[in-house]
Structure formats: C-alpha cells, structure tokens
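quick one: sequence and predicted model below, then my questions.
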Amino acid sequence: MDKKILIDLVTKTMPYGKYKGRLLCDIPEHYLVWMHRQGFPEGKLGMWLSTLYEIRLNGLEGILLDLRKIYKK
C-alpha cells in the first residue's frame, strides 16, 4: 500500500455531506459501509474512502492511529 494514501487518510478532510470538514480517518464505519453499497465517488476521494473501508473491514485501524500521531495538525 502506498504510504501517501495512508497519510492522506489522516490529514485530508471530507469535502461535503454530513461529515464535511471531518478527517477522513474519523468518518464512522456505518457511513463507509453505506458508501460501499452506494458506490464510492470517482477520483481520489473514492480511492481514499474505499481504502479506509478496507482498513476498517480488516481491523487495521492501528496503522492510522500511529500515523495520526505523527501527522497531527
């Protein structure tokens, strides 16, 4: 996995919707499941959200916690 994608997950915010302004890594799992069913958006945002979905699905949130400490704004 590309480290840049993981860094983006802990530094980029959701640009629209109910969770606008929230860090991508803080988006609730139920929203990611819903987006997975509906289809992730095109482009980088969709790639970030689908990656986050897979991380959560496989119980790998720990990698994001470590990165979050390093890249905390």
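Here it is on my side, so go on.

what helix or strand is W34 located in?
helix 29-38 (DSSP states H and E).

any idea which helix or strand comes after that helix?
That would be, after helix 29-38 and using DSSP H and E, helix 43-57.

and L23, backbone torsions?
phi -60, psi 140 (degrees, to the nearest 10).

P41 - nearest residue in space that isn't next to it in sequence?
Distances taken as Cβ to Cβ, 6 or more residues apart in numbering place L49 nearest to P41, at 7.3 Å, with adjacent residues excluded. For the C-beta atoms, the positions are set from N, CA and C on the backbone; glycine is no exception.

can you give me how far the one helix or strand in the chain whose mean pLDDT sits lowest is from the chain middle?
Ranked by mean pLDDT, DSSP states H and E, the helix or strand of the chain with the weakest confidence is helix 61-70, at a mean of 89. Here the centre of helix 61-70 is set off from its chain's centre by 12 Å, with Cα atoms, centre = their mean, to the nearest Å.

by contact count, what packs against that helix?
When contacts are defined as 3 or more Cβ pairs under 8 Å, 6 or more residues apart in numbering; DSSP states H and E, helix 61-70 packs onto helix 3-11, helix 43-57.

on contacts alone, who are the packing partners of the helix holding W34?
Other elements packing on helix 29-38 under the criterion 3+ Cβ pairs under 8 Å, 6+ apart are helix 43-57.

how far is the helix it packs on from where the chain is centred?
What separates the centre of helix 43-57 from the centre of its chain is 5 Å, taken as Cα atoms, centre = their mean.

buried ones in it?
For helix 43-57, the neighbour count (16 or more other Cβ atoms under 10 Å) marks 45, 48-53, 55-56 as buried.

and L45, what does it touch?
P15 (Cβ atoms under 8 Å, 6 or more residues apart in numbering).

show the pLDDT at it.
For L45, the model assigns a pLDDT of 96.
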